[in-house]
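# predicted model and sequence below, questions to follow.
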Amino acid sequence: MRRKILLLEDDLSLVDGLVYTLQREGYEVSVARTVREARRALQQGEDYALLLLDVTLPDGTGFALCEEVRASDSQVPILFLTAADEEVHVIRGLDSGGDDYLTKPFRLGELCSRIRALLRRSQVQADTQSKELLCFGTLQIHLGENRVWKDKELLPLTAMEYRLLCLLVQNRGKILTREVLLERLWDQSGSFVDDNTLSVHIRRLREKIEEYPSIPKHLLTVRGFGYQWKE
């Protein structure tokens, strides 16, 4: 799958070299020569892997476009190409939401190296966020925040209910026996959980997360074995 880069640059002689190099590296490049053209390209909903922005354009600055992108909650990596390496320009670029900058003239090899580094960092962040946020229909589990939402409302789960839910979700598709659940909950909480208490926690958890607790879609009982979380 080719990764798309939006290049905002008005110097045609530089554009030709950049496009050739980036395409040779396996990227798909869209070129904009003005802030207006770049803004129009972004509004078309293209899934860009990275934005490569010149600072000074005929109708504005790359800084302003960067601020607009960040205001829309986009976390796409942004690399500035600037003709000045003065500290004020560096600070302005980073404060506007940029991830890195490269001062002209620069070596194309260094540019490609910076791009690869930003894309690797972006992928790590995306992987982390996807692991921390789990969605099942109207249910959202934020593992990083220890919170659960249903229909955009925060659920009042007890600490034990939350640990039980996370244990089931992180082993989704697998059947967890009552013995395994009791052992894991004991290890995580340090408090005693017996078989009857586990049944109560399962019932209360279903009442909070299932649309119809008596006919659960996610937290299933596997008779004779234990429980299973299904997506």
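Sure, I can see it. Computed from a predicted structure; not experimentally measured. Numbers count the residues shown, from 1 in each chain.
# not counting its neighbours along the chain, what's nearest residue 216?
Excluding its sequence neighbours, the residue lying closest to residue 216 (CB to CB, 6 or more residues apart in numbering) is residue 210, at 4.7 Å. C-beta coordinates here come from the backbone N, C-alpha and C atoms, glycine included.
# neighbours of the one you found, how many?
Neighbour count for residue 210, taken as other CB atoms under 10 Å: 16.
# can you check the pLDDT for it?
What the model reports for residue 210 is a pLDDT of 90.
# how about the contacts made by it?
Under the criterion of CB atoms under 8 Å, 6 or more residues apart in numbering, the neighbours of residue 210 are 216, 217, 218, 219.
# that one and residue 62, how far apart?
Per CB to CB, to the nearest Å, residue 210 is found 49 Å from residue 62.
# next: residue 181.
In this structure, residue 181 lies at 54 Å from residue 62, with CB to CB as the measure.
# more neighbours: the two, which one.
For residue 181 versus residue 62, neighbours defined as other CB under 10 Å are more numerous around residue 62 (28 against 21).
# so what's the nearest residue to that one once chain neighbours are set aside up against?
With CB to CB, 6+ apart as the criterion, residue 62 has its nearest non-adjacent residue at 3.4 Å, and that residue is residue 53. Residues touching residue 53, when contacts are defined by CB under 8 Å, 6+ apart, comprise 8, 38, 62, 65, 66, 78, 79, 80, 81, 98.
# avg pLDDT for the host helix or strand of residue 53?
Using DSSP states H and E, residue 53 sits within strand 50-54. Per-residue confidence for strand 50-54 averages out to 96 on the pLDDT scale.
# which residues are in contact with residue 167?
The contact partners of residue 167, by CB under 8 Å, 6+ apart, come to 176, 181, 184, 185, 188.
# on that earlier part again, and the strand holding residue 53, how far from the chain's centre?
Using CA atoms, centre = their mean, to the nearest Å, we find the averaged C-alpha position of strand 50-54 to lie 20 Å away from the chain's own average C-alpha position.
# check residue 32 and give its pLDDT.
The per-residue confidence score, pLDDT, reads 97 for residue 32.
# quick one: contacts for residue 55?
Listed by CB under 8 Å, 6+ apart, the contact set of residue 55 reads 61, 62, 63, 80, 81, 82, 83, 84, 89, 93.
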